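Asks: I'd like to go over a predicted model; first the sequence, then the structure.
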Amino acid sequence: MRIALIGQAAFGKSVLQAIVDKGHEVIGVWAPPDAGGLDALKSLALEKGIPVFQPARMRDPGVYEDFARPLPDLGVMAYVTDIVPPRILGRPLLGTIQYHPSLLPRHRGGSAINWAVINGETKTGITIFWPDKGIDTGPILLQKAVEISPDDTVGSLYFGKLFPLGVEAIAEAVDLVARGKAPRVVQNESEATYEGLCSEKDVVIDWSRPSPQVYNLIRGGNPQPGATTFIRGRKLKVFDCELAPAASGTAGQVAEIGDKGFVVACADGGILVKRVQPGESPKIRATEYASSRPLRTGDIFGD
């Protein structure tokens, strides 16, 4: 098939390679404008001699004409953060398919992985669907599930599981479309959930909550946007951590400082903090942070 690919970054690059490896022709790549370096998808497209278009927005004047002119058989969306107009979605002869990192209709929205981890869920997955004018509301083509391990972060879940599975699933979906066997299963709206983008304000740590909830919050903000706490009025982002069930002290109190980091008490148990980011500084080991402040047992986070 003749395919128009909309995407970016390493995921878009891997999808492009997978589609080409399947023997399909990619007639054009649409990626965001360059920002701080050559985009990985753009780089591979240029290497393969594929035309690259970089509009500021997919709904800008002239974008539709560039997209429609080569008359693609299928549109593929691989890591798209822009709003793609229905006019473009419907232009390919066979329609457009899109990757989403959740088991739709659960966790619609741009931070699906964050919220699944924050909620303490043990299963998620990927969906390839036919996008429409709604937000992640179109009919489902295929889905694949994965386990969320107790120590998974957003980073490990995405790069270790949902990224490779998504590339594989898009390639499979393209083949199903080519063979005329791609389903369109309407989503069950009674099971739908939607969450907005996970921002820093959504992952402010409340140490008075049970330690498993705090642990999930920190994992769900790692690596972005980073779970936030405060000490002596200064912001500290917390990244790598472990549950520390034997912690004692009032909520937010530093209960112990050791070779692996420092333990902060919660409503029950505590959190062993292992990697942090003070203010706008680079991320450092918690032991380094504790010795440089200095941090002492009895100090209180959350003030």
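Replies: Received, thanks.
Asks: From S199, how far off is the residue minimising distance to the centre of the chain?
Replies: The structure's the chain has its C-alpha centroid closest to I113; by Cα atoms, centre = their mean the separation is 5.2 Å. Going from I113 to S199 by Cβ to Cβ, to the nearest Å gives 14 Å. All C-beta atoms are positioned from the backbone trio N, CA, C, and that covers glycine.
Asks: swap in L157?
Replies: 19 Å.
Asks: higher neighbour count, those two?
Replies: L157 (23 against 12; other Cβ atoms under 10 Å).
Asks: Can I take it that that one is in a strand?
Replies: No - going by DSSP: H, G, I helix; E, B strand; the rest coil, the assignment for L157 is helix, not a strand.
Asks: residue contacts, it?
Replies: With contact set as Cβ atoms under 8 Å, 6 or more residues apart in numbering, L157 has these partners: 113, 116-117, 124, 146, 148.
Asks: Break down the stretch 1-150 of the chain into its strands, ranges please.
Replies: 2-7, 25-30, 52-53, 74-78, 96-100, 123-129, 140-147 (DSSP state E, counting those that start in this stretch).
Asks: Does the second one pack against any helices or strands, and if so which?
Replies: Spelled out, that is strand 25-30. Helices and strands touching strand 25-30, by 3 or more Cβ pairs under 8 Å, 6 or more residues apart in numbering; DSSP states H and E, are strand 2-7, helix 9-21, helix 40-47, strand 52-53, helix 63-68.
Asks: got CSV for the ones you listed, with mean pLDDT too?
Replies: As requested, the helices and strands packed on strand 25-30 are exported to CSV (pLDDT from 0 to 100):
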stretch, mean pLDDT
strand 2-7, 98
helix 9-21, 98
helix 40-47, 97
strand 52-53, 97
helix 63-68, 94
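Asks: Tell me the secondary structure of P164, please.
Replies: helix.
Asks: Can you tell me the number of residues neighbouring it?
Replies: Neighbours of P164 (other Cβ under 10 Å): 13.
Asks: mind starting the numbering at 555 from now?
Replies: Renumbered: residue one is now 555, and that last one reads P718.
Asks: That one and K677: what is the separation?
Replies: 17 Å.
Asks: Likewise for P655?
Replies: P655 is 13 Å from K677, by Cβ to Cβ.
Asks: Now render the helices and strands packed on strand 579-584 as JSON lines, adding mean neighbour count and distance to N770.
Replies: Shown next, in JSON lines, are these (neighbours: other Cβ atoms under 10 Å; distance: least, Cβ to Cβ, whole Å):
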{"stretch": "strand 556-561", "mean neighbour count": "24", "distance to N770": "30"}
{"stretch": "helix 563-575", "mean neighbour count": "20", "distance to N770": "25"}
{"stretch": "helix 594-601", "mean neighbour count": "19", "distance to N770": "31"}
{"stretch": "strand 606-607", "mean neighbour count": "16", "distance to N770": "40"}
{"stretch": "helix 617-622", "mean neighbour count": "16", "distance to N770": "40"}
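Asks: who wins for proximity to W684 among these?
Replies: With Cβ to Cβ as the measure, strand 556-561 is the member of these nearest W684 (14.2 Å).
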